[in-house]
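Visitor: Build the 3D model from these lines:
(chains A, B, C and D)
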4 protein chains.
Amino acid sequence: MIIVLKPGATKSEAEEILSKIEGQGLKPLYMPGSERTVIGALGDERKLGQLHLESHPSVERVDPILAAYKAVSREMHPEDSIVQFGHSRIGSKAFAVIAGPCAVESYEQLSATAIAVRDAGAHGLRGGAFKPRTSPYSFQGLGIEGLKILQRVGQETGLPVITEVVEVADVDAVETYADAFQVGARNMQNFRLLQALGQAGKPVFLKRGMAATVKDVLMSAEYIASEGNSNIVLVERGIRTFETGTRNTLDLSAVCQFKKLSHLPVVVDPSHGTGVREYVAPMAYAAAACGADGILVEAHENPAEALSDGAQSLYPEQFSALMNGLKPFVEAAGRVL
Amino acid sequence: MIIVLKPGATKSEAEEILSKIEGQGLKPLYMPGSERTVIGALGDERKLGQLHLESHPSVERVDPILAAYKAVSREMHPEDSIVQFGHSRIGSKAFAVIAGPCAVESYEQLSATAIAVRDAGAHGLRGGAFKPRTSPYSFQGLGIEGLKILQRVGQETGLPVITEVVEVADVDAVETYADAFQVGARNMQNFRLLQALGQAGKPVFLKRGMAATVKDVLMSAEYIASEGNSNIVLVERGIRTFETGTRNTLDLSAVCQFKKLSHLPVVVDPSHGTGVREYVAPMAYAAAACGADGILVEAHENPAEALSDGAQSLYPEQFSALMNGLKPFVEAAGRVL
Amino acid sequence: MIIVLKPGATKSEAEEILSKIEGQGLKPLYMPGSERTVIGALGDERKLGQLHLESHPSVERVDPILAAYKAVSREMHPEDSIVQFGHSRIGSKAFAVIAGPCAVESYEQLSATAIAVRDAGAHGLRGGAFKPRTSPYSFQGLGIEGLKILQRVGQETGLPVITEVVEVADVDAVETYADAFQVGARNMQNFRLLQALGQAGKPVFLKRGMAATVKDVLMSAEYIASEGNSNIVLVERGIRTFETGTRNTLDLSAVCQFKKLSHLPVVVDPSHGTGVREYVAPMAYAAAACGADGILVEAHENPAEALSDGAQSLYPEQFSALMNGLKPFVEAAGRVL
Amino acid sequence: MIIVLKPGATKSEAEEILSKIEGQGLKPLYMPGSERTVIGALGDERKLGQLHLESHPSVERVDPILAAYKAVSREMHPEDSIVQFGHSRIGSKAFAVIAGPCAVESYEQLSATAIAVRDAGAHGLRGGAFKPRTSPYSFQGLGIEGLKILQRVGQETGLPVITEVVEVADVDAVETYADAFQVGARNMQNFRLLQALGQAGKPVFLKRGMAATVKDVLMSAEYIASEGNSNIVLVERGIRTFETGTRNTLDLSAVCQFKKLSHLPVVVDPSHGTGVREYVAPMAYAAAACGADGILVEAHENPAEALSDGAQSLYPEQFSALMNGLKPFVEAAGRVL
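Guide: Next comes the predicted model:
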């Protein structure tokens, strides 16, 4: 850790900080410069977090050298992790496609959609039972009833199912009916929920928050991992920027960052990432090209009647076309679809 | 509502949409142009949300004319609301100053801080018992024990107390010990929590999320109000931008927007808004000047030892100076401190 | 154009606006609603710009229906444009790779780099003679001397050359020595420069500004096209967001937007887009996958000694590897490298 | 300067960098840690910029300790600077109000506006002759004719005048007719223009770019100062964020940052900062409260007929009200209006 003192900080102020560092068992380093005094701390600097040196009135800034996350870091675990989702192995050579409607609306709607995406080659089924909607007057999902439909359709089609969990109290129910948890962008820093999922027994797909840096996402993943559940899949789904031509700005370079900094698998959600039906396929191809391990895509048997997010949902024939178009890119990336 | 059709949309596609609008009891309007056909819907367009016209393959975009929030809008309630917080009336002529540490660390720490801020003129005490921290390895708060300390110190100093609630399961406990709930930026779209608070009996201070527009905040407030609790105070605390010289970018023009669009009181948090101790006072003065109803400020009896957010916490003497400096600005705004 | 009046606007205020619209030869439409009055204007609404209706005190907002750009829009010109750059045809089936150092530093440096990238398969050479640097104390480029080196090396290697122009007074010199102009992100709204380039005889590669929406870029392209030069290539090179793990946030969905809204070719700059050497190749692959017509890449014979932007420049062997890696993705996209 | 090496960097790689640092006359420091090696460089690290250490393949990142700007920094010049603008002294105890239309449209328009703002107490007159407009089809200003009108009206009303310069070739003309240059947000990094203004003899008001950090603005000011002109006024006018309820997000905490890091005076433009007429006054009050040295405000004798930016221009009576409302806040800040 590097501690830069304010201009005018005295030697005795520096010494106070140096002795605090030494008190934590780290090696302190004193570097008086012409315009600023800099202090170094060599060793496992994570211990210094307890000293709150950034609060000290003589300190201008504190630059950590090491990442604050450990369990999810590639340094601690150099090989790629693989997460089992049903019979799908996310992070393996097989590129995973998980598709389905934004919300479970009825058995008929989900079943028709699931059959369509399975027949086109999808490996998993998504569908929301608890929907976090911006407006209290929008459709909020079918709740437990939706979970039951999801499970039934998953069993009938042979597809593993994933659904969003929005609240600690629902963790058990979701674990009962689904093969994986999804944490939505709005709950990425709902730390209590992350901790509960860290104690659950099924994999967690963690979506990037709209204002979250790559490092923030890894810190949230660390919450889950530090409680014992390391079956985590990171999901890039776009961040909020000034650009209004797309619903979010899909940050595909985040895939590169995640892969460099962490061993966890990464999938991309081009549906929420763009919010525009016709941009979903090209962004899915780009995701495969830049090294993602899979995609999460919204498809609906009849998007024009969808109760939520219809504008970004693919028609069954569009989903089929996507699968066909995707194949050569997945193969160019040295993987199989 | 204005519906712009894609170029090439046919007359029969337009007629399909026109008849859907009519089916909801609204007056449809057909406006064929040289390059685009535009459709209007006159009446309470909120009913049209169920039609999901944005999902229709012939629709390019949908522009609502009316706001999606109602209960919190100024149009429904033209006069300013006043929210009772202890003996303080937020939104009245009295400018409210609520101060205290980021986290309740001990009885001694909170008590010393509370006495200092009360003696300097604060009207309320803040302090976190449940701390949502980016890192799982950071101090997470004292929990229920912290709530009890908060209540005790509030009673001893005569200050009403406010504390953050992060989870539905804690709503009852927080309501028992505190005079108001705070919803943090990370939970601004934790809709289940908002619904639970909408059924609670104490006021809610709703902080703006880091990626939330002013309209998003009002939609979240609508969640609370639509469940029956209209004692809501909006809190501007900065948004996330590319600027790194401050922790967030405090958006004071949001105060103007909130005041124009809603009847709810608005307070500003210059501590989280800037993250830098020496910017807190000037931003507090600016908040008073632009029409805010109060401020939420972090102060600590010894920031250099604070367990969280020390870099932005004021020393007791700085808080006193802030109160003195604030007074002429509050009076210039036609209010009293 | 749709004009929403403020609540409380009177019928006579509406009539004043309706008659202004009629006075411009458009068909006015009066839509009084329960909460707001809406006015429509059917016809070529671009004429209404002169009325400045958004300034009118009774007007709440004005929503245009048509885009403000015309010459560069796909509606006016449905087929893809092809821009000739030396013997390369940007926008054709051939995917274009233009590579070279950030700055021309010397004949030796540029020549060695050019030979390396040409031998690896590049189709064009880039190199800056006028460098817009954030700091006045950084290397500012070799100026005219740099242009001469660029021309010489271009001729010796048979590669067409492109270089940045930063000032109206330099347009003639750049046109003399180079095969194409590059407008940098910082000058994307230097409208005087755009107008001068609109009167020049060589193609213009227009880079997206760091705070520019896709529509802003198209408006800047319209400046060039409206002066007579329609040989324009749009360049996505990342926007500024809160994410600090990359230099910019490369917005590949902008490629989709550009392709939908405009007929102009689009290339991607993964070097400036990420600022990190090891992310350049995966982002180049993604660019090919999502439909870009080419890439602009920084390569240097010895990045560790580069006078600018070395951290994002590829070593010659990395560039070769990029070309090899790129080929299957270009072919998957139905193009040739 | 602190140089963090990549994991796995060897001792000999570290030694290569250490000897480069020593070769520049700085004191090198070697800090091998358990997970990373860190290298320090003590002394005037600005010399190290020439080494481009960030490009070195063993270097993970480089953290400068000192700011890259010098001439405009408060460390080099601890007292506040005062810039003379006509008889106004920007940065003195007198709070400066500079008002006028977005564009000079005619003698009659400018004269009527100037008389109105002068009679209400303004200290300077603004008005654009060269207008950088997003669309090539919008009014582009009267050019030299506009400058002449501006000079004439300035002389008739006794107000010093400021106008935007957009191109090196216009610097002399603007200097002839106006009392100060304005550099607009879109040209903040038009470094050639900044250098030309550094050689001019009149003060420069430098507006913050839409994607510029506070440090970027100071680097641009350094361009001007390093050429010899230190009569620079920094202008906060809002940055581009995801918030769409205002035209930009006015970042008033930037005033605090500028004041801390630099000795230059700072004024705020609440008109462009918000883009909404009714938010101009409260943001002007807030600017005075947080320590700004003045404001730049758009006013027009008849905004409903303005050729540009009418929606944010004040009516004469609104400007008078602003001046009356502003006075107590200016006085609360210990200044005079």
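
Visitor: how about the residues of the stretch 51-200 of chain A that lie near chain B?
Guide: By the criterion of Cβ under 8 Å from any Cβ of the partner chain, the positions of the stretch 51-200 of chain A lying close to chain B are A:52, A:54-57, A:68-69, A:132-138, A:166-169, A:186-187, A:189-192, A:195. Bear in mind the C-beta positions are built from the backbone N, C-alpha and C, glycine included.

Visitor: out of those, which are buried?
Guide: Of all these considered here, the ones buried according to neighbour count by 16 or more other Cβ atoms under 10 Å in any protein chain shown are A:52, A:54-56, A:68-69, A:132-138, A:166-168, A:186-187, A:189-192, A:195.

Visitor: Excluding covalently adjacent residues, which one is nearest to the residue in the stretch 201-337 of chain A that chain B sits nearest to?
Guide: With distances taken as Cβ to the nearest Cβ, the stretch 201-337 of chain A approaches chain B most closely at A:Gly310, which sits 2.4 Å away. On the basis of Cβ to Cβ, 6 or more residues apart in numbering or on different chains, the spatially nearest residue to A:Gly310 that is not a chain neighbour turns out to be B:Ser55, at 2.4 Å.

Visitor: Touching, the one you found and A:Pro303? I think so.
Guide: Yes. Contact between B:Ser55 and A:Pro303 holds when scored by Cβ atoms under 8 Å: they sit 5.2 Å apart.

Visitor: need the strands for chain A, in chain order.
Guide: Listed in chain order, the strands of chain A (DSSP state E) span A:2-5, A:27-32, A:37-42, A:59-63, A:83-85, A:88-90, A:96-100, A:124-126, A:161-164, A:180-183, A:204-207, A:232-236, A:266-268, A:294-298.

Visitor: A:Ala321: neighbouring residues, count only.
Guide: Residues lying near A:Ala321 (other Cβ atoms under 10 Å in any protein chain shown) number 14.

Visitor: er, A:Gly238 actually
Guide: Look at A:Gly238: counted by other Cβ under 10 Å, it has 28 neighbours.

Visitor: so what's the nearest residue to it once chain neighbours are set aside scoring on pLDDT?
Guide: With Cβ to Cβ, 6+ apart as the criterion, A:Gly238 has its nearest non-adjacent residue at 2.8 Å, and that residue is A:Asn248. At A:Asn248, the model reports a pLDDT of 97.

Visitor: Pretty sure A:Asn248 sits against A:Ala211.
Guide: No. With contact defined as Cβ under 8 Å, A:Asn248 does not reach A:Ala211; the gap is 10.9 Å.

Visitor: Mutual contacts of these two, please.
Guide: A:Ile239, A:Arg240 (Cβ atoms under 8 Å, 6 or more residues apart in numbering or on different chains).

Visitor: of those two, who's got more company?
Guide: In this comparison of A:Asn248 against A:Ala211, neighbours counted by other Cβ under 10 Å, the higher total goes to A:Ala211 at 25 against 22.

Visitor: so what's the more buried one scoring on pLDDT?
Guide: What the model reports as pLDDT for A:Ala211 is 97.

Visitor: so who does it touch?
Guide: The contact partners of A:Ala211, by Cβ under 8 Å, 6+ apart, come to A:Ile239, A:Arg240, B:Gly209, B:Met210, B:Ala211, B:Ile239, B:Arg240, C:Phe242.

Visitor: Can you tell me which of these lies closest to chain D?
Guide: Taking Cβ to the nearest Cβ as the measure, chain D lies nearest A:Arg240 of the contacts of A:Ala211, at 4.6 Å.

Visitor: tell me the helices in the stretch 51-200 of chain A, going along the chain?
Guide: Counting by DSSP state H, counting those that start in this stretch, residue ranges of the helices within the stretch 51-200 of chain A are A:107-120, A:144-157, A:171-177, A:191-198.

Visitor: so where do the helices sit in the stretch 201-337 of chain A?
Guide: With DSSP H, counting those that start in this stretch as the criterion, the stretch 201-337 of chain A has helices at A:214-226, A:253-261, A:270-274, A:277-289, A:316-332.

Visitor: out of those helices, nearest to D:Val83?
Guide: D:Val83 sits nearest to helix A:214-226 of all the helices of the stretch 201-337 of chain A, at 41.1 Å, using Cβ to Cβ.

Visitor: Output that closest one as PDB - backbone C-alpha positions only.
Guide: As requested, the backbone C-alpha atoms of helix A:214-226 are provided in PDB (Å, rounded to 0.1, in the frame of the first residue of the first chain):
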ATOM      1  CA  VAL A 214     -15.500  -4.600 -12.900                       C
ATOM      2  CA  LYS A 215     -13.800  -4.400  -9.500                       C
ATOM      3  CA  ASP A 216     -17.100  -3.700  -7.800                       C
ATOM      4  CA  VAL A 217     -18.600  -6.900  -9.400                       C
ATOM      5  CA  LEU A 218     -15.600  -8.900  -8.200                       C
ATOM      6  CA  MET A 219     -16.100  -7.600  -4.700                       C
ATOM      7  CA  SER A 220     -19.700  -8.600  -4.800                       C
ATOM      8  CA  ALA A 221     -18.700 -12.100  -6.100                       C
ATOM      9  CA  GLU A 222     -16.200 -12.200  -3.100                       C
ATOM     10  CA  TYR A 223     -19.200 -11.700  -0.800                       C
ATOM     11  CA  ILE A 224     -20.700 -14.900  -2.200                       C
ATOM     12  CA  ALA A 225     -17.500 -16.900  -2.300                       C
ATOM     13  CA  SER A 226     -16.400 -15.800   1.200                       C
END
